[in-house]
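J.: Take a look and give me a structure for this.
(2 chains)
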Amino acid sequence: MGDEEYEVLFETTIRYVRPKSGNIDAVRMALFSLSVDDVGVQIYKYLSERKMATPEEISRELKLSEDEVIARLDYLYSLGLIDKLGRAYSCDASLAEAIRRRTSKRILGILRRLAEMLEGEANG
Amino acid sequence: MDKDFEVLAEWTIRKLRDIDASKAKPESVLRWVLYSLGVKDLGVDIFMYIREHGRATTTEIADKFSISPATARRYLEQLHSLGLVDYIGREYHLAREDISGCIRDVLIPRIRRVLESIARIAETAEKKATPRPEEYIRPLIEEFREIKRSLEDAKRETLEAVDKLFRKGIEITPEVLSKVLGRTFDAIGDLLGKLGDVISRYEGRGITKGLVFVWPPRPPRPPRPSKNMGYVKGISIVETGNRVFYRIYSDYEMDPRAFEEARRSGKKIVVRVYGTLKIPEDVGAEDADVVEAMYVYGTLRAPKDFVEGLGNKLVVYGNVEYI
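T.: Have a look, this model is predicted:
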């Protein structure tokens, strides 16, 4: 059976990590644990500082291509770390709060759905 | 980024387009679930092999699938991280017969703990930016105590000076009083100057806004019991070293922050409600973790995830409505 049979709508990797040195950037470590790459961290930090920005503005300010920016913003949004209103993305909640209130809910929701599928509950 | 962090374990979680579970074969559903958990082709086949044979060693898996023992171990470690298989010595076996039980009882709590530890890491960055209340309140209290001591000293000195004049038989005229108090006013002026210094030192550290002190939020106080007899409406919140007890005698909507606060302080919540209890929509199963027991003598309106997360910690003498 090939993997191509399935259509992946969203994918994330949760990592249990420890820093190699004592001096760490906690935001970067938390985002790395949610498999956000360096570009994503840069975008998240920009957004959390400015509170609200459009992809064009982020792309211009951080000198990144718009596609790169949109891909990261979509991922951060899917994890529930940032919000979107029209063309603007915003970051109002603290990272810890967003992980507890939204990321956790989404990821655990997917897992619960898998358990339900196996239990046949999804059949209605 | 990998150069800075060592990955001890990782879980890939995929949201796939749904399959029709009523029409699909049980094995197809299982494969769909395994792929959703990041287990790819060979990993799925290895899992199916163990499921079929009950148990298998790394060497046996390596031989069966023509892979190196190291590769076999990697696949088995992934299945182990997901809580699907366990091992004793070199032999792997299914952790449980029901895979859904593995997901609910092993994987979900494990991922929840990892996400909570990630949130705590993020919190350390936020705490660095905003000092903890005790970090800035304690020195501030000390400074105010010092100012209070100085004011008391000034008051004592003034009284002593007046007493001295009185004993010497000097008539206390407004001029004399003005001279004595003049010194006190100078002292008060100095103290106000010091107070200004203290405030400007703490400004910008999240404690003051202009001259208005922003104190940390106080825990809510239970209202006074109603004098109208019948049954007493009200709420009592008692916090002990490791628990927060809510006793509510009215309809009530829980504040989501209560769960967060309990989690942060490592306390468990015990709720007893005589009336309708509403749990807001954004409270999820993860919040049920911090609840030790919830007794509702009336109606519980809550998100389904939260109710399921509570399991047998919830006792309702009434009805449950999902929102």
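J.: For chain A, which segments count as strands?
T.: Remark: strands assigned in chain A by DSSP state E are A:8-19, A:52-53, A:83-85, A:88-90.
J.: From the contact counts, what lies against the strand or helix carrying B:L177?
T.: Element membership of B:L177, judged by DSSP states H and E, is helix B:174-202. For helix B:174-202, the packing partners by 3 or more C-beta pairs under 8 Å, 6 or more residues apart in numbering or on different chains; DSSP states H and E come out as helix B:133-167. No exception for glycine: its C-beta is placed from N, CA and C like everyone else's.
J.: if I look at B:F5, how far off is chain A?
T.: 4 Å (C-beta to the nearest C-beta, to the nearest Å).
J.: Now do the same contact list for that residue.
T.: B:F5 is in contact with A:R15, A:V17, A:R18, A:P19, A:K20, A:M29, A:F32, counting by C-beta atoms under 8 Å, 6 or more residues apart in numbering or on different chains.
J.: If any of those residues are buried, give me the ChimeraX selection for them.
T.: To isolate the buried members of the contacts of B:F5 in ChimeraX, using 16 or more other C-beta atoms under 10 Å in any protein chain shown:
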select /A:15,17,19,29,32
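J.: out of the contacts of B:F5, what pair is the most spread apart?
T.: Within the contacts of B:F5, two members stand farthest from each other by C-beta to C-beta: A:R15 and A:K20, at 13.8 Å.
J.: just to revisit the earlier point, for the contacts of B:F5, give me CSV that also has distance to B:V29.
T.: Below are those laid out as CSV (distance: C-beta to C-beta, whole Å):
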residue, distance to B:V29
A:R15, 28
A:V17, 32
A:R18, 36
A:P19, 40
A:K20, 41
A:M29, 37
A:F32, 33
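J.: give me the subset of the contacts of B:F5 touching chain B.
T.: Counting by C-beta under 8 Å from any C-beta of the partner chain, A:R15, A:V17, A:R18, A:P19, A:K20, A:M29, A:F32 from these sit close to chain B.
J.: which of the residues in stretch B:164-178 are buried?
T.: B:L165.
J.: now do stretch A:63-81
T.: Under the neighbour-count criterion of 16+ other C-beta under 10 Å, stretch A:63-81 has A:L64, A:E68, A:V69, A:A71, A:R72, A:L73, A:Y75, A:L76, A:S78, A:L79, A:G80, A:L81 buried.
J.: Close to chain A: what parts of the stretch 101-250 of chain B are there?
T.: So the stretch 101-250 of chain B meets chain A at B:103-104, B:107-108, B:111-112, B:114-126, B:128 (C-beta under 8 Å from any C-beta).
J.: Leaving out sequence neighbours, find the closest residue to B:A125.
T.: A:A26 (3.6 Å; C-beta to C-beta, 6 or more residues apart in numbering or on different chains).
J.: just checking, what packs against the longest helix along chain A?
T.: The residue-count maximum for a helix in chain A (DSSP state H) belongs to helix A:104-119. Here helix A:104-119 touches strand B:5-16, helix B:26-36, helix B:99-102, helix B:108-129, helix B:285-288, helix B:304-310, going by 3+ C-beta pairs under 8 Å, 6+ apart.
J.: Now do the fourth one against strand B:5-16: the angle between them, please.
T.: Yep, that's helix B:108-129 we're talking about. 120 degrees (axes from the mean of the first three to the mean of the last three C-alpha atoms, to 10 degrees).
J.: isn't the residue nearest to B:A125 right up against B:I121?
T.: Yes - A:A26 is in contact with B:I121 according to C-beta atoms under 8 Å; the separation is 5.3 Å.
J.: ok, these two, which is more surrounded?
T.: Between A:A26 and B:I121, counted using other C-beta atoms under 10 Å in any protein chain shown, B:I121 has the larger neighbour count: 23 against 19.
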